[in-house]
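Novice: For reference, the sequence and a predicted model appear below.
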Amino acid sequence: MRISFCCTDTKAEPWLEGLRAALPQAVIEPWSPGAPLADYAVVWMPPQQFLTEQTRLKGIFNIGAGVDALMKLDWPSGAQVVRIDDGGMAVQMAEFVCHAVIRHFRELDGYEVDINNGKWSFRRPRLRADFPVGIMGLGVLGERVAQAVSHFDFPVLGWSRSPKSIDGVQCFSGQAQFNEFLAATRILVCLLPLTPDTRGIMNLDALSRLKPGGYVINVARGAHLVEGDLLALIDSGHLSGAALDVFSTEPLPPAHPFWTHPAITVTPHTSARTLREESIAQIAGKIQALQRGEPIAGVVDRNRGY
Ligand code: NAP
Ligand code: GLV
């Protein structure tokens, strides 16, 4: 069995070492143009040339949860694309979103400003009932986040494509229930995959429907958000701010207004990182399962886009 490694912006050596230890029977090499045909690939944002040349691939393992970069490319006809299925990302996402929700709810940014000015002052406690948290996307990450946020006794709502039932979460689904979901939400969390249906979903119309004082936490992809619409609604006072981990252009350009906006917190696409050891174990386990002819989780549906 031959495995080709083709990951942009990724240090190859530790991955190759880990994959070779987990799959000692396989020949595992970094890809270069004209390389021998492989059976499986481990990829992150590969060039089209890789997928065009590697016509024998049966499985293409993406070392992230989001497959939007792969969706723009043509895949070999016999290949299935497999995303990382949690792999330690769900707990990271849960802690990151809970932190952002709590920082906003408890006004910790305001306290930090006061403390830095040597000011000992209190803000009036707020009611969590007034801060319903609505999570768009109830998949591997969204469901874990919904459960984690509900432990802090916030009202939690969720919205997905197909109907769901999750303890402690008021679930909405489909386009027909989208506006109802938004109208009941004050803190909006985006954990959707980026697809033609979800690109630009956080736009002026949708964000205007949030409860007054609404707050946006985007931890999915930058292109879910129409950045100018967010700024307009913060500046008009309808929204109170945002915590943004992902951006339409990454790295966020130095002159971008998000860097300095007092109501916006920026992080560098770090809410849930791919964990190498967990991911290698997951990919190796799935390759072994496919070799035995068994089904695996996390296979991407090209028509659905995720
Ligand atoms: P997932 O398991 O595929 O879940 C996706 C969820 O979105 C599902 O609940 C799905 O509904 C829902 N959905 C998809 N299209 C929809 C639509 N048109 N309308 C309503 N709901 C829709 O994905 P995941 O593993 O949770 O990851 C979600 C995304 O997080 C990834 O695609 C990636 O872009 C992003 N991410 C970001 C970071 C970061 O560091 N910032 C890290 C990891 C992942 P159904 O359940 O009905 O299918
Ligand atoms: C990170 O953004 C991922 O999709 O895993």
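Specialist: Now that the structure is in, tell me what you want to look at. Numbering: from 1, shown residues only. Ligands and ions are numbered 1, 2, ... in the order given.

Novice: okay, CA-based contacts and neighbour counts for the rest of this
Specialist: OK.

Novice: And the helix or strand that contains D205, what's buried?
Specialist: Using DSSP states H and E, D205 sits in helix 204-208. By neighbour count with 16 or more other C-alpha atoms under 10 Å, helix 204-208 contains the buried residues 204, 207-208.

Novice: What is the subsequent helix or strand relative to it?
Specialist: strand 214-218.

Novice: hang on, the earlier thing: possible to save the buried residues of helix 204-208 as a markdown table with pLDDT and distance to ligand 1?
Specialist: Below are the buried residues of helix 204-208 laid out as a markdown table (pLDDT from 0 to 100; distance: C-alpha to the nearest ligand atom, whole Å):
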| residue | pLDDT | distance to ligand 1 |
| --- | --- | --- |
| L204 | 98 | 18 |
| L207 | 99 | 16 |
| S208 | 98 | 18 |
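
Novice: Quickly note the distance from the residue nearest to S121 when sequence neighbours are not counted to F122.
Specialist: Using C-alpha to C-alpha, 6 or more residues apart in numbering and skipping the chain neighbours, the partner closest in space to S121 is D114 (7.2 Å). Separation of D114 from F122 (C-alpha to C-alpha, to the nearest Å): 10 Å.

Novice: cool, and P24?
Specialist: 60 Å.

Novice: and the nearest residue to D86 once chain neighbours are set aside, how many residues sit next to it?
Specialist: The shortest distance from D86 to any non-neighbouring residue, by C-alpha to C-alpha, 6+ apart, is to V140 (6.3 Å). By other C-alpha atoms under 10 Å, 16 other residues sit near V140.

Novice: residue contacts, the residue most central in space within the chain?
Specialist: Nearest residue to the geometric centre of the chain (C-alpha atoms, centre = their mean): A220, 3.4 Å. Applying C-alpha atoms under 8 Å, 6 or more residues apart in numbering, we find A220 in contact with 190-194, 245-246.
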